[in-house]
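K.L.:
structure for the following, please:
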Amino acid sequence: MQLKNQRAVISGAGSGIGKAIAIEYAKAGATLVLTDINADALNETAHCCQQEGAQVLTVTSDVSTPSGAIAGVNQCVEALGGIDILVNNAGILTQAPCEEVTLSMWDNMINIDLRSVFLASQAAIPHMKSQQHGRIINVSSQLGIKGGAELCHYVAAKAGVIGLTKSLAIECAPYGVLVNAIAPGPIETALVEGISASWKESKAKELPLERFGQPEEIAPTALLLASSPGGNLFVGQTLGPNSGDVMP
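P.N.:
Sure, this is the predicted structure:
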């Protein structure tokens, strides 16, 4: 029960990595506030977490809007009196050559994958600072480190998450608030369903493990960063469960 009595907000918890982290945190004893744009998927995740004995609150929200990005943090503070852990996981992934990326595609990607991380963190930090404790975990991507063809808007957003993580970590560490990122490699989730089969096949061949990961293989990294003493010395780090795709 590494997260007993910890209040955790997880965005994009309806499926994929967010769902896996929510269940992992439930098993570890956390009290959860889960957000997602898909109410049915969100309720299914909540049910899974409740079966593990967790107290769960849900917020159906669209993180592409400012109010939706901070809805989970606000609910946690209002209902539970504060926030201990924030996992900024919500994201989208679309594919197009740079010259075909429209301004709407660019703005939507930045709003969901980067701006929402900034807004939710900005909302959570004052509460964490006041209690001299907190963990913020931002889900980036290994592509934010190495780049990727036909993904310039996605890569720009995920690289921004890594940079934002480092800056927030420097600002917040003196207050006992630790900010870190996870940069998974390719993971078998609904997020990659829109990517071409040829890209996925080629990508799998590049990996030393020769396979994509599963969401349940990412969740333990999120648990490590949220836990004590396991996560106590991670400050501004980007951890890479990525099947060997990036070796810093």
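
K.L.:
when you work out contacts or count neighbours from here on, use the C-alpha atoms and nothing else.
P.N.:
Noted.

K.L.:
now do the host helix or strand of residue 41: everything it contacts.
P.N.:
Applying DSSP states H and E as the criterion places residue 41 in helix 39-51. Residues outside helix 39-51 that contact it (CA atoms under 8 Å, 6 or more residues apart in numbering) are 13-15, 19, 22-23, 26-27, 34-36, 55-58, 60.

K.L.:
so for it, mean pLDDT?
P.N.:
The average of the pLDDT scores along helix 39-51 is 98.

K.L.:
the chain: strands as residue ranges?
P.N.:
7-10, 31-36, 56-60, 85-88, 134-139, 177-182, 238-239 (DSSP state E).

K.L.:
going by contacts, tell me the helices and strands next to the first one.
P.N.:
Right, the one you point to is strand 7-10. Contacts defined by 3 or more CA pairs under 8 Å, 6 or more residues apart in numbering; DSSP states H and E place strand 7-10 against helix 16-27, strand 31-36, helix 71-80, strand 85-88.

K.L.:
quick one: find the helix or strand in this structure with the lowest mean pLDDT.
P.N.:
Across the helices and strands of the chain, mean confidence by mean pLDDT, DSSP states H and E is lowest for helix 197-206: a mean of 82.

K.L.:
starting at the chain centroid, how far to it?
P.N.:
24 Å (CA atoms, centre = their mean, to the nearest Å).

K.L.:
in it, what's buried?
P.N.:
For helix 197-206, a neighbour-count test (16 or more other CA atoms under 10 Å) marks 200, 204 as buried.

K.L.:
got the contact list for the spatially most central residue of the chain?
P.N.:
Nearest to the geometric centre of the chain sits residue 89, at 2.2 Å (CA atoms, centre = their mean). Listed by CA under 8 Å, 6+ apart, the contact partners of residue 89 are 10, 11, 12, 13, 17, 18, 138, 139.

K.L.:
quick check, pLDDT for residue 194.
P.N.:
pLDDT, read off for residue 194, is 67.

K.L.:
which ones are touching the closest residue to residue 170 other than its chain neighbours?
P.N.:
With CA to CA, 6 or more residues apart in numbering as the criterion, residue 170 has its nearest non-adjacent residue at 7.2 Å, and that residue is residue 236. The neighbours of residue 236, taking CA under 8 Å, 6+ apart as the test, are 165, 166, 167, 168, 169, 170, 178, 179, 180, 181.

K.L.:
now these: which count as buried?
P.N.:
165, 166, 168, 169, 178, 179, 180, 181.

K.L.:
next, format these as JSON lines and append pLDDT and distance to residue 78.
P.N.:
Formatted as JSON lines, the buried ones among the contacts of residue 236 follow (pLDDT from 0 to 100; distance: CA to CA, whole Å):
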{"residue": "165", "pLDDT": "98", "distance to residue 78": "26"}
{"residue": "166", "pLDDT": "98", "distance to residue 78": "28"}
{"residue": "168", "pLDDT": "98", "distance to residue 78": "24"}
{"residue": "169", "pLDDT": "98", "distance to residue 78": "25"}
{"residue": "178", "pLDDT": "98", "distance to residue 78": "22"}
{"residue": "179", "pLDDT": "98", "distance to residue 78": "23"}
{"residue": "180", "pLDDT": "98", "distance to residue 78": "25"}
{"residue": "181", "pLDDT": "98", "distance to residue 78": "26"}
